[in-house]
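S.K.: Sequence first, predicted model second:
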Amino acid sequence: MATSGSKNFELDVAEYVEEAYERCGIEARTGYDLRSARRSLNLLFADWANRGLNRWTIQQQELPLASNVADYPLGILIMVVASSSGLLIGETITGGTSGATAKITNEPTSGSGDLESNTLAITVPNGTFTAGETITGSTSSVSTTVSTAVDLSPVQSSIDILSAVIRQNTGTSQSDIQISRISRDEYINIPSKNSTSRPTQFYVDRSITPIIKLWPTPDSSDYTLVYDRLVRMDDADAGINTLDMPFRFYPCLAAGLAYYISLKYAPDRIQVLKTVYEEEFTRAAEEDRDRASLHLTPSRDYYTFI
């Protein structure tokens, strides 16, 4: 008998819900049952983010740095304006109505990572810019109008940074230099936060809108921060949506949703469904790993030569 020849099996949200309810020994009968299951599904995704690395949600980002700007969004934050002409990289812009402020970190035709016309890459705003208001550059004194409100969601979808380098001389002579991550305590205890040089360390402020704090502060706009970031999975919104994951996590998702639904509707099955879920997650997480060899090299600093 011939095989199907297809390798495209994929469940949508409604089918995951049906599978989960069946494992609980009950049937979804109302629109509220589906809405309740979707809510549980999105909470399950938050649990996965807390459990560690889901490698398919890792994205590499290139963030051009600006001279004398130390704090950057974890992601690229875009402001659309009527005209970006005359505004300067590194200067502070202020909203005439809102009083909100931010620094410009990149603009069209400036260095690597060029933007579309009439857009600005900015730091996380202090305050909220409003569409239609006038903004003015602190150094250039140039004014323009904000076309649309700043969308923070691309940055707020970031979970964490896994690794980062500072890139110089983009092109054939490109040079990537690793920078190390430090803790909040280490960062707050740096006495010379305003010193300028090539950044060697970074701290991630994991607030609602995450921020990368570099040290030393960049002394040039010729640096690019290249980093791997972990981002949120796409939400489960409609029943016809498919989900943002590789097929090897399908059993884990079905088991996890069944366990979450049992907490509300099938308390007699909670323990068995939890056990199945944890087993499925362990198998999937162990498979979703980096297969590169690990090499440990002792530092010569700890040897005493005789």
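M.R.: Nice, I can see it. Residues are numbered from 1 along each chain as shown.
S.K.: contacts, neighbours, all on C-alpha from now
M.R.: Noted.
S.K.: and the lengthiest helix in the chain, what does it pack onto?
M.R.: What stands out as the longest helix in the chain, according to DSSP state H, is helix 31-51. Helix 31-51 is packed against helix 13-23, helix 250-265, with contacts defined by 3 or more Cα pairs under 8 Å, 6 or more residues apart in numbering; DSSP states H and E.
S.K.: okay, the angle between that helix and helix 250-265?
M.R.: Relative orientation of helix 31-51 and helix 250-265, computed by axes from the mean of the first three to the mean of the last three Cα atoms, to 10 degrees: 120 degrees.
S.K.: can you pull the contacts of L273?
M.R.: A255, G256, A258, Y259, S262 (Cα atoms under 8 Å, 6 or more residues apart in numbering).
S.K.: about what we covered before: is it possible to get TSV of the helices and strands packed on helix 31-51 that adds distance to G132?
M.R.: As requested, these are exported to TSV (distance: least, Cα to Cα, whole Å):
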stretch	distance to G132
helix 13-23	39
helix 250-265	44
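S.K.: Which one, of those, ends up nearest to V204?
M.R.: V204 lies closest to helix 250-265 among these, at 29.7 Å (Cα to Cα).
S.K.: Tell me the secondary structure at N68.
M.R.: Assigned with DSSP: H, G, I helix; E, B strand; the rest coil, N68 falls in the coil class.
S.K.: how deep is it tucked in, by neighbour count?
M.R.: Neighbourhood size, N68 [other Cα atoms under 10 Å]: 20.
S.K.: That one against W215, yeah?
M.R.: No. Applying Cα atoms under 8 Å, one finds N68 not in contact with W215, separated by 10.7 Å.
S.K.: what do those two both touch?
M.R.: Contact criterion Cα under 8 Å, 6+ apart; residues shared by N68 and W215: T196.
S.K.: What subset of the contacts of L273 is buried?
M.R.: Among these, those buried by neighbour count (16 or more other Cα atoms under 10 Å) are A255, G256, A258, Y259, S262.
S.K.: Can you show me the strands along the stretch 51-200 of the chain?
M.R.: 58-64, 71-73, 78-80, 92-95, 101-106, 119-122, 134-137, 143-145, 158-168, 175-178, 180-181, 196-197 (DSSP state E, counting those that start in this stretch).
S.K.: any weak-confidence spans in the stretch 1-150 of the chain?
M.R.: Applying pLDDT under 70 to the stretch 1-150 of the chain flags the ranges 53, 110-114.
S.K.: let's see it at 50
M.R.: Along the stretch 1-150 of the chain, the model assigns pLDDT under 50 to residues 112.
S.K.: Over to T275: give its phi and psi.
M.R.: When read as degrees, to the nearest 10, the backbone of T275 gives phi -60, psi -50.
S.K.: go on, the one 4 residues further on?
M.R.: With angles defined as degrees, to the nearest 10, E279 sits at phi -70, psi -40.
S.K.: per-residue confidence at it?
M.R.: At E279, the pLDDT value in this model is 96.
S.K.: Burial check on it, number of neighbours?
M.R.: E279: 14 surrounding residues under other Cα under 10 Å.
S.K.: same question, N169
M.R.: The local packing of N169 (other Cα under 10 Å) involves 13 other residues.
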